[in-house]
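Undergrad: All I have is the shape, not the residue letters:
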């Protein structure tokens, strides 16, 4: 009985959060799509951001993404190769690294 109650509560929360997200996304798309234009995407902001476009903002976001990926991808691949090929399973450093990755992924470590 308790298991079914908690399952119902979790599914209710999932449906509620998903509904609110879809509602908010729908509002943004329906009301914002009419204001989206090519000049808005390619022009610079004017009047302290109250007019103009978002081109420099899009460019800086792309540059930040490129820098973050250029640092994270090689480091992540190196850690994955080290864990898979070179570390011993019972090695303390490998254990701490695996535990940290499991915590970051939100997965419990089962032994």
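TA: Yes, it's here. Keep in mind it's a predicted model, so treat the numbers as computed, not measured.
Undergrad: helix or strand for residue 66, which one?
TA: Using DSSP states H and E, residue 66 sits within helix 55-81.
Undergrad: And that helix, what does it pack against?
TA: helix 38-42 (3 or more Cβ pairs under 8 Å, 6 or more residues apart in numbering; DSSP states H and E). All C-beta atoms are positioned from the backbone trio N, CA, C, and that covers glycine.
Undergrad: downstream neighbour of the helix holding residue 66 in the secondary structure list?
TA: Following helix 55-81 toward the C-terminus (DSSP H and E): helix 92-105.
Undergrad: Now do the helix holding residue 66, average pLDDT.
TA: For helix 55-81, mean pLDDT is 94.
Undergrad: Now do that helix against helix 92-105: the angle between them, please.
TA: Per axes from the mean of the first three to the mean of the last three Cα atoms, to 10 degrees, the angle that helix 55-81 makes with helix 92-105 is 140 degrees.
Undergrad: Looking at this protein, which helix is longest?
TA: helix 2-32 (DSSP state H).
Undergrad: So in this protein, where's the weakest helix or strand by average pLDDT?
TA: Across the helices and strands of the chain, the lowest-confidence element by mean pLDDT, DSSP states H and E is strand 51-52, at a mean of 82.
Undergrad: All set now, cheers.
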